[in-house]
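Trainee: fold the following and give me the result.
(chains A and B)
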Amino acid sequence: DAGVIQSPRHEVTEMGQEVTLRCKPISGHDYLFWYRQTMMRGLELLIYFNNNVPIDDSGMPEDRFSAKMPNASFSTLKIQPSEPRDSAVYFCASTPAGIYGYTFGSGTRLTVV
Amino acid sequence: GDSVTQMEGPVTLSEEAFLTINCTYTATGYPSLFWYVQYPGEGLQLLLKATKADDKGSNKGFEATYRKETTSFHLEKGSVQVSDSAVYFCALKGGNQGGKLIFGQGTELSVKP
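Mentor: Sure thing, here's the model as predicted:
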């Protein structure tokens, strides 16, 4: 099992550009989560999906952020247009239903200059 | 709503010292409890878990006991090593959270040789 796979590992982009982060969850996991981590705000849940359907997107900071899960093996988080305050590490995680914990990906470190 | 409270860090210890990181929770029903560890530059990794009252989770010399009477899940290790330096997150998954983990704010541990 390769675990949760995120790409790219690092992304540097200019303010105003579109950024797309990608995640491949573990096969068979029903839930997928997107988190953002910064020193100031800690770990924040942005959105999560159950069986490819968005369940709670109340953590998405604003309309510039959007997330999709077109199938059980792929999800994207898009920021358009990006701003310097979006600089953070973005984590994807997946889990089966039930008493299990999450498996996190290695994260994407986004820097917006 | 459900919540998790951890002791504030940073916690600084000398090698071979005893470690306790306090974690208390508020939840309805019977949540599952977790400890995650995040090493510098990496994603969160599941360290241990307990799914019912009086269960003890253990891994890599770390232990935590699910105490329903005190709503606590304190993390302990008898003798820490420099390699244990990381951020530790306590989390719960409640029966009504639809798969969502509620995280504490994290406690940074620094172990000096």
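
Trainee: give me every residue in chain B lying close to chain A.
Mentor: Counting by C-beta under 8 Å from any C-beta of the partner chain, chain B comes close to chain A at B:32, B:34, B:36, B:42-46, B:49, B:51, B:89, B:91, B:93, B:98-101, B:103, B:105-106. Yep, even glycine has a C-beta here, placed from its N, CA and C like the rest.

Trainee: which ones among the residues you listed are found in strands?
Mentor: B:Ser32, B:Phe34, B:Tyr36, B:Leu44, B:Gln45, B:Leu46, B:Lys49, B:Phe89, B:Ala91, B:Lys93, B:Phe103 (DSSP state E).

Trainee: what residues are up against the last one?
Mentor: By C-beta atoms under 8 Å, 6 or more residues apart in numbering or on different chains, B:Phe103 lies in contact with A:Leu43, B:Val4, B:Tyr36, B:Phe89, B:Cys90, B:Ala91.

Trainee: what does the fourth one give?
Mentor: For B:Leu44, the contact set (C-beta under 8 Å, 6+ apart) comprises A:Leu43, A:Phe91, A:Ala93, A:Tyr102, A:Phe104, B:Tyr36, B:Val37, B:Gln38, B:Phe89.

Trainee: neighbours of the fifth one, how many?
Mentor: Meaning A:Phe104. 23 (other C-beta atoms under 10 Å in any protein chain shown).

Trainee: got a list of what it touches?
Mentor: A:Val4, A:Phe91, A:Cys92, A:Ala93, B:Tyr36, B:Gly43, B:Leu44, B:Gln45.

Trainee: which residue sits closest to it, ignoring its sequence neighbours?
Mentor: The shortest distance from A:Phe104 to any non-neighbouring residue, by C-beta to C-beta, 6 or more residues apart in numbering or on different chains, is to B:Gly43 (4.0 Å).
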